[in-house]
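Undergrad: Using only what follows, build the 3D model:
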Amino acid sequence: MADTYAPTLLNILFVVKNSIAGEEISHEELKSSAFNAFIGLLLIQLWFQIVQDTANIVRKNRNPLRSLNINILPFILAISLEAMIYLFIRIVIIALALAALQPTMASYNFEFVLLGIAALGFLTTSLFIGLLLAPWATLFSDVRSFLASALMPTALLSPIFYFPVTEQGNFLYWVNHILPFASIQSVISDMLFKGETLYALPLVIWTSISIIGALILALLIKHQTPILLERLGN
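TA: Prediction:
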């Protein structure tokens, strides 16, 4: 059954992509595009889930934080460990899908150190942004609503439904440098399908910023938690 559905889905995507692009696209290129979208959508859903869980950490755990009189750091560690497990599961799913369906990939020796940095950046950027928003998300529901609605625009701007661009004059080229998830997805997409590491620098910069920022913000929110709990009331 699955073997029947896969070609059918690819044929549908082939027709739609040809119609939108206005030009002929090979079946192999379409297959690579479909896999790029599969990887991107699988990862961005988890990335946003980590951001949301981290941003809501005080509000979600306000009762144990009050009753047990402990600091928030163990809860941040729990989210981090859970995120690592979920990311590992997704990596396994992606690896199995690539091995089973074998899309056209770049003839390139993977830089596993860079892939490791991408995985680290995936975790730390989501934790960093979540911790950055945590005080505001605790007090203002509008922040949580914004997070819920930001997934689709980020997915459209990130190189999920297109391959990373190389032209500096292109708007998306700079968007993919600025958005933290986009730089991660760009590195993964480039290495798998183009054999390039064009976005390695923004990935390293974002990873470095997020590691330092997450550590600082974790210590800050530890001291902010009593005030936030008081503001929350009952």
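Undergrad: Residues contacting stretch 142-149, please?
TA: By C-beta atoms under 8 Å, 6 or more residues apart in numbering, the residues outside stretch 142-149 that reach it are Phe48, Val51, Gln52, Ala55, Asn56, Leu133, Trp136, Ala137. Any C-beta I mention is one placed from the backbone N, CA and C, and that applies to glycine too.
Undergrad: ok, the fourth one touching Gly130?
TA: If I follow you right, that is Ala55. Yes: the pair Ala55 and Gly130 passes the contact test of C-beta atoms under 8 Å, sitting 4.6 Å apart.
Undergrad: so which of the contacts of stretch 142-149 comes closest to Leu157?
TA: Taking C-beta to C-beta as the measure, Leu157 sits nearest to Phe48 out of the contacts of stretch 142-149, at 13.5 Å.
Undergrad: and the closest one, which of the three is it?
TA: helix (DSSP: H, G, I helix; E, B strand; the rest coil).
Undergrad: so it touches Met152, yeah?
TA: No: the pair Phe48 and Met152 does not pass the contact test of C-beta under 8 Å, sitting 10.1 Å apart.
Undergrad: Overlap of the contact sets of those two?
TA: Shared contacts of Phe48 and Met152 (C-beta under 8 Å, 6+ apart): none.
Undergrad: Can you name the secondary structure element that comes next after the one helix or strand Ala137 maps to?
TA: When secondary structure is defined by DSSP states H and E, Ala137 falls within helix 112-139. Proceeding N to C from helix 112-139, the next assigned helix or strand is helix 141-149, under DSSP H and E.
Undergrad: what packs against the next helix-or-strand element following that following helix?
TA: Sequence order places helix 151-157 as the next helix or strand after helix 141-149, per DSSP H and E. Where contact means 3 or more C-beta pairs under 8 Å, 6 or more residues apart in numbering; DSSP states H and E, helix 151-157 is packed against helix 27-55, helix 180-189.
Undergrad: In terms of mean pLDDT, which of those helices ranks lowest?
TA: Mean pLDDT values for the helices and strands packed on helix 151-157 show the minimum at helix 27-55, a mean of 87.
Undergrad: Flag the shaky bits of this protein, pLDDT-wise.
TA: Where the chain drops to pLDDT under 70, the residues are 1-30, 101-111, 195, 233-234.
Undergrad: give me that answer again for 50
TA: Across the chain, the ranges flagged by pLDDT under 50 are 1-23.
Undergrad: any idea of the angle the longest helix seen in the chain forms with helix 112-139?
TA: Assignment by DSSP state H gives helix 200-232 as the longest helix of the chain. Comparing the axes of helix 200-232 and helix 112-139 via axes from the mean of the first three to the mean of the last three C-alpha atoms, to 10 degrees yields an angle of 20 degrees.
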